[in-house]
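Participant: based on what follows, work out the 3D shape:
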Amino acid sequence: MTTDEYVALITQEHIDKPKFVATVTASVSPFAKLQEVMRKFISDFDVDSAIGAQLDQVGLWVGVSRTIGVPIAGYYFSWDDVASDGWDNGVWKGIGDPDSGFTQLPDDIYRSLIKAKIQANHWRGDIAGAYDIINAALSVDNVVKIVDNHDMTMTVQVTAGALPSIEQAIVMAGYLPIKPAGVKANYVTV
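Facilitator: Numbers count the residues shown, from 1 in each chain. Down below sits the predicted model:
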């Protein structure tokens, strides 16, 4: 309720007393402002409309970090015929140089990952449900195949080149929660 709505509730015998109206206005004004702020929190922390720090907080509540490890590609020297890291372009990988670095997910990909984690929290552990989670998290459908090896392991096959590199890193590093309890997951690129 707004301050005016509270003042409108004053009875007729007191509405014509300016000091009484001023007292009520001063008393309820902070609470009315607090209610307005609390109403704004609903949209600020809604997973569909949150951005920036609010989306980070939603991810914290759900259990998903915005910072993920991604492989470093196109930097170290490679024998492949790639212009970006071939002769005279690539840097020689030394002992102790990292194979991966850390990156911050943009809001749209992070939002999809949060939604996938929420879906996984309600998941029954079946393969069809895993595909639903994957399709909710990735921008391209049908690029991941799950194989049950019938020995308490599963293989998650990702079609190389079909996904943006950041989404491929999310799947390959196991950031998508599509592994049933007690099952070992192997991630491979096809």
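
Participant: remind me which helix or strand Val156 belongs to.
Facilitator: strand 153-158 (DSSP states H and E).

Participant: in its sheet, what does that strand sit against?
Facilitator: Paired neighbours of strand 153-158 in the sheet (DSSP bridges): strand 144-148 (antiparallel), strand 184-189 (parallel).

Participant: so for the shortest one, mean pLDDT?
Facilitator: Model confidence over strand 144-148 averages 88 on the pLDDT scale.

Participant: mind listing what's buried along it?
Facilitator: Residues Val144, Ile146 are the ones in strand 144-148 that count as buried (16 or more other CB atoms under 10 Å). Glycine gets a C-beta too; all of them are placed from N, C-alpha and C.

Participant: just the CA trace of that strand, in PDB.
Facilitator: Extracted in PDB, the C-alpha atoms of strand 144-148 (Å, rounded to 0.1, in the frame of the first residue of the first chain):
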ATOM      1  CA  VAL A 144      24.600 -34.000 -27.300                       C
ATOM      2  CA  LYS A 145      24.100 -37.800 -27.200                       C
ATOM      3  CA  ILE A 146      23.900 -39.700 -23.900                       C
ATOM      4  CA  VAL A 147      24.900 -43.400 -23.900                       C
ATOM      5  CA  ASP A 148      24.100 -45.700 -21.000                       C
END
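
Participant: circling back to that earlier point, ok now the strand holding Val156, how far from the chain's centre?
Facilitator: Centroid separation for strand 153-158 versus its chain: 22 Å, with CA atoms, centre = their mean, to the nearest Å.

Participant: can you pull the buried residues of that strand?
Facilitator: Met154, Val156, Gln157, Val158.

Participant: let me see the contact set for the second one.
Facilitator: The reference is to Val156. Val156 sits next to Val144, Lys145, Ile146, Val147, Val171, Ile178, Ala185, Asn186, Tyr187, Val188 when contact means CB atoms under 8 Å, 6 or more residues apart in numbering.

Participant: at 10 Å instead, please
Facilitator: Applying CB atoms under 10 Å, 6 or more residues apart in numbering, we find Val156 in contact with 130, 134, 144-147, 171-172, 174, 176, 178-179, 185-188.

Participant: can you tell me, leaving aside adjacent residues, what's nearest to it?
Facilitator: Using CB to CB, 6 or more residues apart in numbering and skipping the chain neighbours, the partner closest in space to Val156 is Tyr187 (4.9 Å).

Participant: Lys184: what's it in contact with?
Facilitator: Asn149, Asp151, Met152, Thr153, Met154, Thr155 are the contacts of Lys184 under CB under 10 Å, 6+ apart.
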